[in-house]
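Q: Below is the sequence, then the predicted model.
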Amino acid sequence: MEQVDRGQSAGRGPAVVFWTWMTVTFGGLAVMFAIIIGGR
Amino acid sequence: MRRMLRDNALGLFFLLLFLLALGGQAVAGYFRQVEEMTEHGRMPADFFGFVLSPDFVVDVAENWQSEFLQFFLFIGATIWLVQRGSPESKNPGDEGPESDEDQLVGRYAPDGAPRWARASGWRRVVYGNSLLIVMGTVFALSWLAQSLGGTIVAGEEAAMHGVPAPTWAEYVVSADFWDRTLQNWQSEFLAVGTMVAFSIYLRQRGSAESKPVGTPHAVSAVESE
(Lines give C-alpha, C1' and ligand atoms only; values in the text may rest on other atoms or scores of the structure.)
Protein backbone atom coordinates (compact mmCIF):
# COMPACT_ATOMS: atom_id res chain seq x y z
CA MET A 1 0.00 0.00 0.00
CA GLU A 2 2.89 2.32 0.66
CA GLN A 3 3.78 2.30 -3.03
CA VAL A 4 0.23 3.22 -4.04
CA ASP A 5 0.20 6.15 -1.63
CA ARG A 6 3.53 7.44 -2.91
CA GLY A 7 2.39 7.07 -6.49
CA GLN A 8 -0.70 9.16 -5.90
CA SER A 9 1.34 12.00 -4.42
CA ALA A 10 4.12 11.81 -6.98
CA GLY A 11 3.08 14.99 -8.80
CA ARG A 12 3.29 15.35 -12.54
CA GLY A 13 6.59 13.51 -12.97
CA PRO A 14 5.25 10.14 -14.17
CA ALA A 15 2.84 11.88 -16.56
CA VAL A 16 5.69 14.01 -17.94
CA VAL A 17 7.84 10.90 -18.42
CA PHE A 18 4.97 9.01 -20.08
CA TRP A 19 4.09 11.79 -22.54
CA THR A 20 7.74 12.56 -23.25
CA TRP A 21 8.35 8.96 -24.31
CA MET A 22 5.09 8.88 -26.29
CA THR A 23 6.19 12.05 -28.08
CA VAL A 24 9.67 10.68 -28.76
CA THR A 25 8.27 7.42 -30.15
CA PHE A 26 5.41 8.68 -32.29
CA GLY A 27 7.22 11.92 -33.12
CA GLY A 28 10.17 9.86 -34.31
CA LEU A 29 7.87 7.77 -36.48
CA ALA A 30 6.24 10.92 -37.90
CA VAL A 31 9.67 12.34 -38.81
CA MET A 32 10.64 9.04 -40.46
CA PHE A 33 7.49 9.01 -42.59
CA ALA A 34 7.98 12.68 -43.47
CA ILE A 35 11.51 11.91 -44.70
CA ILE A 36 10.26 8.89 -46.67
CA ILE A 37 7.46 10.88 -48.30
CA GLY A 38 9.91 13.70 -49.05
CA GLY A 39 12.40 11.26 -50.55
CA ARG A 40 10.02 9.63 -53.01
CA MET B 1 12.91 19.14 -8.29
CA ARG B 2 15.37 16.69 -6.73
CA ARG B 3 12.50 14.41 -5.71
CA MET B 4 11.00 14.66 -9.20
CA LEU B 5 14.30 13.50 -10.71
CA ARG B 6 14.66 10.69 -8.19
CA ASP B 7 11.08 9.46 -8.65
CA ASN B 8 11.49 9.35 -12.42
CA ALA B 9 15.17 8.48 -12.72
CA LEU B 10 14.66 5.24 -14.67
CA GLY B 11 12.59 6.81 -17.47
CA LEU B 12 14.87 9.86 -17.67
CA PHE B 13 18.08 7.77 -17.60
CA PHE B 14 17.01 5.78 -20.64
CA LEU B 15 15.78 8.92 -22.42
CA LEU B 16 19.24 10.44 -22.01
CA LEU B 17 20.93 7.22 -23.20
CA PHE B 18 18.59 7.03 -26.19
CA LEU B 19 19.29 10.59 -27.29
CA LEU B 20 23.05 10.19 -26.87
CA ALA B 21 23.09 6.90 -28.79
CA LEU B 22 20.89 8.27 -31.59
CA GLY B 23 23.14 11.30 -31.89
CA GLY B 24 26.18 9.05 -31.94
CA GLN B 25 24.59 6.83 -34.58
CA ALA B 26 23.92 9.91 -36.73
CA VAL B 27 27.52 11.15 -36.48
CA ALA B 28 29.09 7.73 -37.06
CA GLY B 29 26.67 6.96 -39.91
CA TYR B 30 27.46 10.31 -41.52
CA PHE B 31 31.21 9.66 -41.44
CA ARG B 32 30.67 6.16 -42.84
CA GLN B 33 28.71 7.64 -45.73
CA VAL B 34 31.36 10.30 -46.36
CA GLU B 35 33.98 7.53 -46.59
CA GLU B 36 31.83 5.48 -48.97
CA MET B 37 31.00 8.45 -51.21
CA THR B 38 34.63 9.57 -51.30
CA GLU B 39 35.76 6.07 -52.30
CA HIS B 40 33.28 6.15 -55.17
CA GLY B 41 34.36 9.65 -56.17
CA ARG B 42 30.95 11.15 -55.38
CA MET B 43 29.98 14.26 -53.46
CA PRO B 44 28.77 13.30 -49.95
CA ALA B 45 25.66 14.95 -48.48
CA ASP B 46 26.07 17.38 -45.59
CA PHE B 47 25.31 16.14 -42.05
CA PHE B 48 21.67 17.20 -41.96
CA GLY B 49 21.19 15.93 -45.48
CA PHE B 50 22.30 12.52 -44.20
CA VAL B 51 20.17 12.59 -41.05
CA LEU B 52 17.12 13.51 -43.14
CA SER B 53 17.85 10.81 -45.75
CA PRO B 54 16.07 7.48 -46.31
CA ASP B 55 19.39 5.71 -45.56
CA PHE B 56 19.32 6.98 -41.98
CA VAL B 57 15.60 6.22 -41.66
CA VAL B 58 16.21 2.59 -42.62
CA ASP B 59 19.06 2.25 -40.12
CA VAL B 60 16.91 3.66 -37.31
CA ALA B 61 13.63 1.96 -38.26
CA GLU B 62 15.06 -1.55 -38.60
CA ASN B 63 16.25 -1.39 -35.00
CA TRP B 64 13.07 0.22 -33.71
CA GLN B 65 10.82 -2.40 -35.24
CA SER B 66 12.75 -5.28 -33.70
CA GLU B 67 12.77 -3.71 -30.23
CA PHE B 68 9.05 -3.07 -30.28
CA LEU B 69 8.39 -6.54 -31.70
CA GLN B 70 10.41 -7.93 -28.80
CA PHE B 71 8.25 -6.19 -26.20
CA PHE B 72 5.05 -6.89 -28.15
CA LEU B 73 5.81 -10.62 -28.14
CA PHE B 74 7.09 -10.62 -24.57
CA ILE B 75 3.98 -8.87 -23.24
CA GLY B 76 1.68 -11.08 -25.32
CA ALA B 77 3.44 -14.39 -24.73
CA THR B 78 3.61 -13.91 -20.97
CA ILE B 79 -0.21 -13.82 -20.86
CA TRP B 80 -0.43 -17.43 -22.00
CA LEU B 81 3.02 -19.00 -21.56
CA VAL B 82 4.92 -19.46 -18.31
CA GLN B 83 8.50 -20.32 -17.41
CA ARG B 84 8.75 -21.94 -14.02
CA GLY B 85 11.42 -20.18 -11.97
CA SER B 86 11.62 -16.97 -14.02
CA PRO B 87 10.73 -13.63 -12.41
CA GLU B 88 9.56 -12.52 -15.88
CA SER B 89 6.81 -15.16 -15.75
CA LYS B 90 3.60 -15.80 -13.90
CA ASN B 91 3.32 -19.07 -12.02
CA PRO B 92 2.18 -22.24 -13.80
CA GLY B 93 -1.61 -22.38 -13.48
CA ASP B 94 -2.01 -18.60 -13.82
CA GLU B 95 -2.00 -18.60 -17.64
CA GLY B 96 -4.57 -16.47 -19.41
CA PRO B 97 -6.06 -12.98 -19.01
CA GLU B 98 -7.13 -13.72 -15.39
CA SER B 99 -10.35 -12.79 -13.61
CA ASP B 100 -11.79 -9.29 -13.18
CA GLU B 101 -11.10 -9.65 -9.46
CA ASP B 102 -7.41 -10.46 -10.06
CA GLN B 103 -7.10 -7.60 -12.54
CA LEU B 104 -8.97 -5.06 -10.37
CA VAL B 105 -11.40 -4.07 -13.13
CA GLY B 106 -15.13 -3.28 -13.18
CA ARG B 107 -16.66 -3.58 -9.74
CA TYR B 108 -13.32 -4.74 -8.34
CA ALA B 109 -11.57 -1.51 -9.34
CA PRO B 110 -10.10 0.22 -6.25
CA ASP B 111 -10.18 3.92 -5.44
CA GLY B 112 -7.83 5.72 -7.79
CA ALA B 113 -8.13 3.08 -10.54
CA PRO B 114 -7.91 4.36 -14.12
CA ARG B 115 -11.37 5.41 -15.34
CA TRP B 116 -11.41 2.91 -18.20
CA ALA B 117 -10.55 0.06 -15.82
CA ARG B 118 -13.81 0.82 -14.05
CA ALA B 119 -15.75 1.14 -17.31
CA SER B 120 -17.41 -1.78 -19.08
CA GLY B 121 -17.51 -2.82 -22.72
CA TRP B 122 -14.96 -1.70 -25.33
CA ARG B 123 -13.27 0.85 -23.08
CA ARG B 124 -12.24 -1.82 -20.61
CA VAL B 125 -11.10 -4.14 -23.41
CA VAL B 126 -9.04 -1.40 -25.08
CA TYR B 127 -7.49 -0.17 -21.84
CA GLY B 128 -6.86 -3.72 -20.64
CA ASN B 129 -4.79 -4.37 -23.77
CA SER B 130 -3.41 -0.86 -24.29
CA LEU B 131 0.25 -1.73 -23.68
CA LEU B 132 0.14 -4.52 -26.27
CA ILE B 133 -1.80 -2.33 -28.72
CA VAL B 134 0.68 0.55 -28.55
CA MET B 135 3.78 -1.68 -28.72
CA GLY B 136 2.27 -3.55 -31.68
CA THR B 137 1.38 -0.30 -33.43
CA VAL B 138 4.90 1.11 -33.07
CA PHE B 139 6.34 -2.20 -34.30
CA ALA B 140 4.09 -2.23 -37.37
CA LEU B 141 4.75 1.43 -38.24
CA SER B 142 8.52 1.04 -37.73
CA TRP B 143 8.61 -2.05 -39.94
CA LEU B 144 6.58 -0.19 -42.57
CA ALA B 145 9.00 2.75 -42.37
CA GLN B 146 11.93 0.36 -42.77
CA SER B 147 10.34 -1.20 -45.85
CA LEU B 148 9.39 2.13 -47.48
CA GLY B 149 12.80 3.69 -46.75
CA GLY B 150 14.54 0.54 -47.93
CA THR B 151 12.60 0.66 -51.20
CA ILE B 152 13.87 4.20 -51.83
CA VAL B 153 17.48 3.30 -50.97
CA ALA B 154 17.31 0.18 -53.14
CA GLY B 155 15.93 2.35 -55.95
CA GLU B 156 18.85 4.79 -55.61
CA GLU B 157 21.34 1.92 -55.76
CA ALA B 158 19.54 0.42 -58.76
CA ALA B 159 19.76 3.78 -60.55
CA MET B 160 23.52 3.89 -59.95
CA HIS B 161 23.86 0.47 -61.56
CA GLY B 162 21.46 1.26 -64.37
CA VAL B 163 18.90 -1.37 -63.42
CA PRO B 164 15.16 -0.87 -62.76
CA ALA B 165 14.18 0.28 -59.25
CA PRO B 166 12.22 -2.28 -57.21
CA THR B 167 8.64 -1.61 -56.22
CA TRP B 168 7.66 -1.79 -52.53
CA ALA B 169 6.08 -5.23 -53.14
CA GLU B 170 9.35 -6.43 -54.70
CA TYR B 171 11.48 -4.93 -51.93
CA VAL B 172 9.55 -6.57 -49.05
CA VAL B 173 10.37 -10.02 -50.45
CA SER B 174 14.00 -9.08 -51.21
CA ALA B 175 17.06 -10.53 -49.53
CA ASP B 176 18.13 -7.06 -48.29
CA PHE B 177 14.84 -6.48 -46.45
CA TRP B 178 14.83 -9.88 -44.76
CA ASP B 179 18.56 -9.78 -44.00
CA ARG B 180 18.09 -6.47 -42.18
CA THR B 181 14.91 -7.69 -40.49
CA LEU B 182 16.06 -11.10 -39.30
CA GLN B 183 19.51 -9.97 -38.12
CA ASN B 184 17.68 -7.70 -35.71
CA TRP B 185 15.03 -10.22 -34.73
CA GLN B 186 17.47 -12.98 -33.87
CA SER B 187 19.32 -10.77 -31.38
CA GLU B 188 16.07 -9.66 -29.75
CA PHE B 189 14.78 -13.19 -29.35
CA LEU B 190 18.17 -14.25 -27.97
CA ALA B 191 18.08 -11.43 -25.43
CA VAL B 192 14.53 -12.20 -24.27
CA GLY B 193 15.13 -15.94 -24.13
CA THR B 194 18.33 -15.56 -22.12
CA MET B 195 16.66 -13.09 -19.76
CA VAL B 196 13.86 -15.58 -19.11
CA ALA B 197 16.23 -18.53 -18.71
CA PHE B 198 19.20 -16.94 -16.91
CA SER B 199 16.97 -15.33 -14.29
CA ILE B 200 15.78 -18.76 -13.16
CA TYR B 201 19.14 -19.44 -11.51
CA LEU B 202 20.96 -16.10 -11.54
CA ARG B 203 20.17 -13.07 -9.36
CA GLN B 204 20.92 -9.37 -9.23
CA ARG B 205 20.53 -8.08 -5.74
CA GLY B 206 18.37 -4.98 -5.73
CA SER B 207 17.14 -5.18 -9.33
CA ALA B 208 13.42 -5.19 -10.16
CA GLU B 209 14.29 -7.56 -13.03
CA SER B 210 15.53 -10.24 -10.63
CA LYS B 211 14.00 -12.38 -7.95
CA PRO B 212 15.27 -11.56 -4.45
CA VAL B 213 18.62 -13.33 -4.04
CA GLY B 214 17.35 -15.95 -1.62
CA THR B 215 14.23 -16.89 -3.60
CA PRO B 216 14.16 -20.62 -4.48
CA HIS B 217 14.94 -21.36 -8.15
CA ALA B 218 11.50 -22.91 -8.82
CA VAL B 219 9.56 -19.81 -7.73
CA SER B 220 8.43 -17.85 -10.79
CA ALA B 221 6.71 -14.57 -10.04
CA VAL B 222 7.83 -12.46 -7.12
CA GLU B 223 4.16 -11.66 -6.50
CA SER B 224 3.58 -15.32 -5.58
CA GLU B 225 5.52 -15.03 -2.37
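A: Thanks, I have the structure now. No experiment lies behind these values; they were computed from the predicted model shown.

Q: Helices of chain B, start to end?
A: With DSSP state H as the criterion, chain B has helices at B:2-7, B:9-39, B:47-51, B:54-80, B:100-103, B:115-118, B:122-128, B:130-160, B:168-171, B:175-201.

Q: Save those helices as TSV, and put in mean neighbour count too.
A: In short, each C-beta sits where N, CA and C put it, glycine included. Below are those laid out as TSV (neighbours: other C-beta atoms under 10 Å in any protein chain shown):
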stretch	mean neighbour count
helix B:2-7	12
helix B:9-39	13
helix B:47-51	16
helix B:54-80	20
helix B:100-103	12
helix B:115-118	16
helix B:122-128	14
helix B:130-160	19
helix B:168-171	14
helix B:175-201	14
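
Q: Redo those helices as JSON lines? Include mean pLDDT and distance to chain A.
A: Converted to JSON lines, those look like this (pLDDT from 0 to 100; distance: least, C-beta to the nearest C-beta, whole Å):
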{"stretch": "helix B:2-7", "mean pLDDT": "91", "distance to chain A": "5"}
{"stretch": "helix B:9-39", "mean pLDDT": "95", "distance to chain A": "4"}
{"stretch": "helix B:47-51", "mean pLDDT": "93", "distance to chain A": "9"}
{"stretch": "helix B:54-80", "mean pLDDT": "97", "distance to chain A": "5"}
{"stretch": "helix B:100-103", "mean pLDDT": "94", "distance to chain A": "16"}
{"stretch": "helix B:115-118", "mean pLDDT": "96", "distance to chain A": "14"}
{"stretch": "helix B:122-128", "mean pLDDT": "96", "distance to chain A": "14"}
{"stretch": "helix B:130-160", "mean pLDDT": "96", "distance to chain A": "4"}
{"stretch": "helix B:168-171", "mean pLDDT": "98", "distance to chain A": "10"}
{"stretch": "helix B:175-201", "mean pLDDT": "96", "distance to chain A": "15"}
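
Q: closest one to residue A:26 among those?
A: Residue A:26 lies closest to helix B:130-160 among the helices of chain B, at 7.6 Å (C-beta to C-beta).

Q: Quick one: list the elements packing against that closest one.
A: In terms of contacts (3 or more C-beta pairs under 8 Å, 6 or more residues apart in numbering or on different chains; DSSP states H and E), helix B:130-160 is packed against helix A:13-39, helix B:54-80, helix B:168-171, helix B:175-201.

Q: Thanks a lot, see you next time.
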